[in-house]
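1. Sequence and predicted model, in that order:
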Amino acid sequence: MEKIIAHLEKSGRLLVASHVKPDGDALGSLIAAGLCLETMNKQVTFFNESPIPAVYRFLPGVDRITAILEPDNLCGYDTALILDCSDLDRVGEQASSYISQIPVVINVDHHITNTEFGDLQYIDIRACAASQIVYHMIKKMGVSISQDIATSIYTGIFTDTGSFRFSNTNKAAFEICEEMVELGVDPYNVARHVYGPYSLARIKLLNLALDTIEISANGKLSMMTLTRDMLNETGTRQEDVDGLINYARRIEDVKVAVLIQEAICWRSGRQQESKKKKHNYHVSLRSDGSVDVASIAAVYGGGGHLTAAGFNFDSSITDLKDGMLTLANKI
Ligand code: AMP
Ligand code: MN
Ligand code: MN
């Protein structure tokens with residue numbers, strides 16, 4: 001971490017980025033790091049390729065995030081700080097090819113499948129969230145934590161630990177969040193946004209999704225399938241898919257839940273079907289803790305954590321489902 005801090009201190013113009021389809025940690029770590037670097041008088045661009053889910057729009061500084069990278073301007077950056085990404089492609093495929101041209105790429109992450117990309121890395125798989133690592137970085141740099149930075153760090157830890165319920169919940173999660181509350185974070189305010197009301201459209205999507213659940217012969221694997229038509233029919237967006245897989249995971253005896261989603265692509269922050277779509281499906285995996293889904297995702301070229309992972313898949317859904325059911329026999 002010392003090398004990273006020394007480099008950040010001498011850098012001038014930075015791009016700070018996190019993964020597509022951002023969660024609370026991707027946004028929390030991005031905003032916290034970006035605001036901290038601004039406090040240090042750096043010129044900072046906050047970048048995320050995807051639309052910001054409505055539940056996270058309360059985050060202070062969220063309007064600073066841009067989905068557009070101007071290739072012509074890229075030569076101006078001396079450093080890219082990439083957060084919560086197990087590989088550089090997670091920032092978005094086009095963005096990753098631009099970012100790899102920035103002279104120094106720094107990789108700060110907590111995924112077990114991190115590929116150690118970049119010129120400088122700080123990967124701590126015991127950290128509950130990338131926001132936890134960013135907190136330690138800010139402390140080491142001696143920057144004081146404003147209420148806006150505190151809200152971002154708190155939200156990153158709160159959401160990546162599933163509100164302190166998941167197996168990654170550690171002592172630091174409580175200690176840091178306590179300190180963030182002392183610095184002015186209102187836990188109720190964060191929770192009420194993160195667990196805001198569902199639109200009727202989202203409930204209708206849930207209804208369609210529940211109807212697709214298939215269970216393997218041994219009862220240990222559940223599979224949910226979402227098509228683009230389901231999203232169109234219900235008038236829902238990608239962010240409404242968030243959390244649906246938990247219904248498949250909570251079924252009695254199920255050890256691994258799979259959510260297969262027909263791919264949707266974004267361009268410049270707008271949801272669109274890509275004309276030259278690269279992947280046919282995105283697959284999310286969740287486990288009850290007894291099966292390492294990160295290594296399953298890695299076999300398919302994806303990654304993640306022991307209990308939450310994902311990958312993209314390009315051939316037929318029949319092949320995909322067959323692959324998952326074969327897997328079920330081994331658990
Ligand atoms: P998801 O199911 O998409 O919410 O992702 C669950 C976890 O897997 C997150 O930690 C992601 O960062 C990771 N993940 C999802 N998709 C991929 C992918 N294509 N490559 C690497 N990691 C992924
Ligand atoms: Mn994340
Ligand atoms: Mn994370």
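-> Yep, that arrived. Ligands and ions are numbered 1, 2, ... in the order given.

2. Report pLDDT for the most far-flung residue of the chain relative to its centre.
-> Relative to the average C-alpha location in the chain, and by CA atoms, centre = their mean, no residue lies farther out than Ala217, which sits at 31.8 Å. Model confidence at Ala217, given as pLDDT, is 96.

3. That one reaches Thr326, doesn't it?
-> No. Contact status for Ala217 versus Thr326: not in contact, 11.3 Å apart, counting by CB atoms under 8 Å. Using the backbone N, CA and C atoms, a C-beta is placed for each residue, glycine as well.

4. hmm, back to that, could you list every residue that touches the residue farthest from the centre of the chain?
-> With contact taken as CB atoms under 8 Å, 6 or more residues apart in numbering, Ala217 is in contact with Leu325, Ala328, Asn329.

5. Adding pLDDT, neighbour count and distance to ligand 2 as columns, could you present these in CSV?
-> Rendered in CSV, the data for the contacts of Ala217 read as follows (pLDDT from 0 to 100; neighbours: other CB atoms under 10 Å; distance: CB to the ion, whole Å):
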residue, pLDDT, neighbour count, distance to ligand 2
Leu325, 93, 16, 28
Ala328, 93, 21, 26
Asn329, 92, 11, 30
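
6. I'd like to know which of the residues you listed are part of helices.
-> Among the contacts of Ala217, the members falling in helices are Leu325, Ala328 (criterion: DSSP state H).

7. near ligand 1, from the contacts of Ala217?
-> Within the set of those, contact with ligand 1 (CB under 6 Å from any ligand atom) is found for no member.

8. Closest one of the contacts of Ala217 to Leu59?
-> Comparing the contacts of Ala217 against Leu59 with CB to CB picks out Ala328 as the nearest, at 38.5 Å.

9. So the closest one sits against Lys220, correct?
-> Yes. In this structure Ala328 lies within contact range of Lys220 using CB under 8 Å: 5.7 Å.

10. so which helix or strand takes in Ala294?
-> helix 293-299 (DSSP states H and E).

11. How about residues contacting that helix?
-> For helix 293-299, with CB under 8 Å, 6+ apart as the criterion, the contacting residues are 111-113, 256, 283, 285-287, 303-311, 327.

12. Against ligand 1, which of those residues make the cut? List them.
-> The residues of the contacts of helix 293-299 that also fall near ligand 1, by CB under 6 Å from any ligand atom, are His111, Gly303, Gly304, His305, Ala308, Ala309, Gly310, Phe311.

13. Is it possible to mark the buried ones in those residues?
-> For these, burial is judged from neighbour counts taken by 16 or more other CB atoms under 10 Å, and it is met by His111, Gly303, Gly304, His305, Ala308, Ala309, Gly310, Phe311.

14. What about those, which are in strands?
-> Using DSSP state E, the subset of those located in strands is Gly303, Gly304, Ala308, Ala309, Gly310, Phe311.

15. Redo these as TSV? Include pLDDT and distance to ligand 2.
-> Compiled in TSV, those are given as follows (pLDDT from 0 to 100; distance: CB to the ion, whole Å):
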residue	pLDDT	distance to ligand 2
Gly303	95	11
Gly304	94	9
Ala308	95	9
Ala309	96	11
Gly310	96	10
Phe311	97	15
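
16. For these, name the two members farthest from one another.
-> Maximum pairwise distance among those (CB to CB): 12.1 Å, between Ala308 and Phe311.

17. anything in contact with each of the two?
-> Where contact means CB under 8 Å, 6+ apart, the residues bridging Ala308 and Phe311 through contact with each are Leu285.

18. Identify each buried residue in stretch 183-200, please.
-> By 16+ other CB under 10 Å, the buried positions in stretch 183-200 come out as Leu183, Val185, Val190, His193, Val194.

19. quick one: the first one from Phe58, how far?
-> Looking back up the chat, that one is Leu183. According to CB to CB, to the nearest Å, Leu183 and Phe58 sit 17 Å apart.

20. Repeat that for the third one.
-> Applying CB to CB, the value for Val190 to Phe58 is 8 Å.

21. low-confidence ranges in the stretch 51-200 of the chain?
-> Counting by pLDDT under 70, the stretch 51-200 of the chain contains low-confidence residues at 72-74.

22. ok now do the closest residue to ligand 1 within it, which residues does it touch?
-> When scored by CB to the nearest ligand atom, the stretch 51-200 of the chain has Ser86 as its residue closest to ligand 1, at 4.8 Å. Contact partners of Ser86, counting by CB under 8 Å, 6+ apart, are Asp109, His111, Thr113, Asn114, Thr115, Gly303, Gly304.

23. just checking, the second one touches Ala127?
-> Read that as His111. No. Using CB under 8 Å, His111 makes no contact with Ala127, being 10.0 Å away.

24. Ile31 belongs to a strand, doesn't it?
-> No. The secondary structure assignment for Ile31 gives helix rather than a strand, going by DSSP: H, G, I helix; E, B strand; the rest coil.
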